[in-house]
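Undergrad: what follows is a predicted protein model with its sequence.
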Amino acid sequence: VVMGTIHVYSQRRIELYRELKKIAVSSYAVVVYMVIVTVAVFSRSLPNYFLGQDFTWFRFASLCKKGEECTGVGRILLSYVSDVSSSLYSPLTKTYFYGMYSIFWLNQDVYHMVSVSLHFVCAVLFFLVAQKLLKNRLLASLSAFLFLIVSGYSEAVFSISSTGYLFASVFVLLGLLSYIYYQDQQRFRYYIASFICVIVSILFNEVGLVLPLLIAVYAITYGDRKIMQVLSNVKSLA
C-alpha cells in the first residue's frame, strides 16, 4: 500500500532497484553488516571465564591502596588519580572496574559484552576514518571488516584486562576523526573534542599517547599545504 501510494503521488519516477542498491551499499548498511558479523563471531565468547591477569584489575576494584580497604566512593576515585606510584596508572580504567565490580561482581558475560561492544565501536570508527582518508567506501569497508575479525585483536577482546586498551583505542580513533572533521569544516568544537579525547584516552591507557602523533601526521599529510611546501623545499635543498 505504501509503495503504491508513493508511486501514484510521487513527483519523480522512483526506481526501486536503484534505491535498494543505494541503501544496501550505504554507510549505515555497512554498520549494520558489522553488527551482524560482530554477533556471529564474538557472541560465543561471552560465557568464557576470566583469565589470570583479569583478577589484577579486580584487586584494584576492591582495594583503594595496598593493604587498605576503601570505604567511600570519593576516596576511591581520588586514590586512583593521586596514586602515581602504581605501575598501572590508568585511573579511568580502575574507575570502570570499580563500577562494574560493584554492580555485576564476577558476571563474566557483562564484562565480555562491554569488550566486544568496544571492539565493534573501534571498527566503526576505523571505517569512518578510512572512508575519509581513502575516499572509497568499498576499500574502507573491507579495511573495517578485516580490522573487526583479524585474529591479532582476539586477546584484547577475550581478556577483560585489555578493556582499558579498548577504551583508549575508541577515544584515539574518535579524536583523530574529530580532528579530520575540524580540518574539513573548520568548526572549533571538533578541535576541542579531539583535545578532550587525547586527555581521556591517556587516562584509560598509555596507548593514548599515540593520538597527538596521529594528528600531527594527518596535519602534515592532509592538512595545511604550507607544511607540505616547506617539507618539499627542504627535500629539494637536501
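TA: That came in fine, so what should we check first?

Undergrad: how far is the longest helix along the chain from where the chain is centred?
TA: Ordering each helix of the chain by length in residues (DSSP state H) puts helix 108-134 first. Its chain's C-alpha centre and that of helix 108-134 lie 5 Å apart, by Cα atoms, centre = their mean, to the nearest Å.

Undergrad: in that helix, what's buried?
TA: Neighbour counts using 16 or more other Cβ atoms under 10 Å place 108, 111-112, 114-116, 118-133 of helix 108-134 among the buried residues. C-betas here are computed from N, CA, C, even on glycine.

Undergrad: host element of the closest residue in space to A193 that isn't next to it in sequence?
TA: Spatially, and ignoring its direct neighbours in sequence, A193 is nearest to S178 (4.1 Å; Cβ to Cβ, 6 or more residues apart in numbering). According to DSSP states H and E, S178 maps onto helix 163-185.

Undergrad: following the chain onward from that helix, which element is next?
TA: Per DSSP H and E, helix 163-185 leads on to helix 188-204 as the next helix or strand towards the C-terminus.

Undergrad: from the contact counts, what lies against the helix or strand just after that following helix?
TA: Toward the C-terminus, helix 188-204 is succeeded by helix 210-222 as the next helix or strand (DSSP H and E). In terms of contacts (3 or more Cβ pairs under 8 Å, 6 or more residues apart in numbering; DSSP states H and E), helix 210-222 is packed against helix 163-185, helix 188-204, helix 225-237.

Undergrad: for the protein, give me the ranges with low pLDDT.
TA: 14, 16, 61-88, 223-238 (pLDDT under 70).

Undergrad: centroid-nearest residue for it?
TA: Nearest to the centroid of the C-alpha atoms of the chain, with distances taken as Cα atoms, centre = their mean, sits V170, at 2.0 Å.

Undergrad: pretty sure that one is touching V124, no?
TA: No - the pair V170 / V124 is not scored as a contact, 9.6 Å apart, by Cβ atoms under 8 Å.

Undergrad: where do the contact lists of the two overlap?
TA: Here V170 and V124 have no joint contacts, going by Cβ atoms under 8 Å, 6 or more residues apart in numbering.

Undergrad: circling back: quick check: the residue nearest to A193 touching V200?
TA: No - when contacts are counted by Cβ under 8 Å, S178 is not listed as touching V200 (11.8 Å).

Undergrad: now do the longest helix of the chain: which elements does it pack against?
TA: Checked by 3+ Cβ pairs under 8 Å, 6+ apart, helix 108-134 has helix 27-42, helix 91-104, helix 137-149, helix 154-158, helix 163-185 packed alongside it.

Undergrad: S178 and V200: which is more packed in?
TA: S178 (22 against 19; other Cβ atoms under 10 Å).

Undergrad: so what's the more buried one up against?
TA: So S178 contacts 190-191, 193-194, 197 (Cβ under 8 Å, 6+ apart).

Undergrad: distance-wise, check it relative to R189.
TA: 9 Å (Cβ to Cβ, to the nearest Å).

Undergrad: likewise for I103?
TA: 33 Å.

Undergrad: from the chain's centroid, how far away is stretch 148-161?
TA: Worked out by Cα atoms, centre = their mean, stretch 148-161 lies 14 Å from the chain centre.

Undergrad: ah, wrong one, I meant stretch 179-194
TA: Worked out by Cα atoms, centre = their mean, stretch 179-194 lies 18 Å from the chain centre.

Undergrad: ditto for stretch 200-216
TA: Offset of stretch 200-216 from its chain centre (Cα atoms, centre = their mean): 12 Å.
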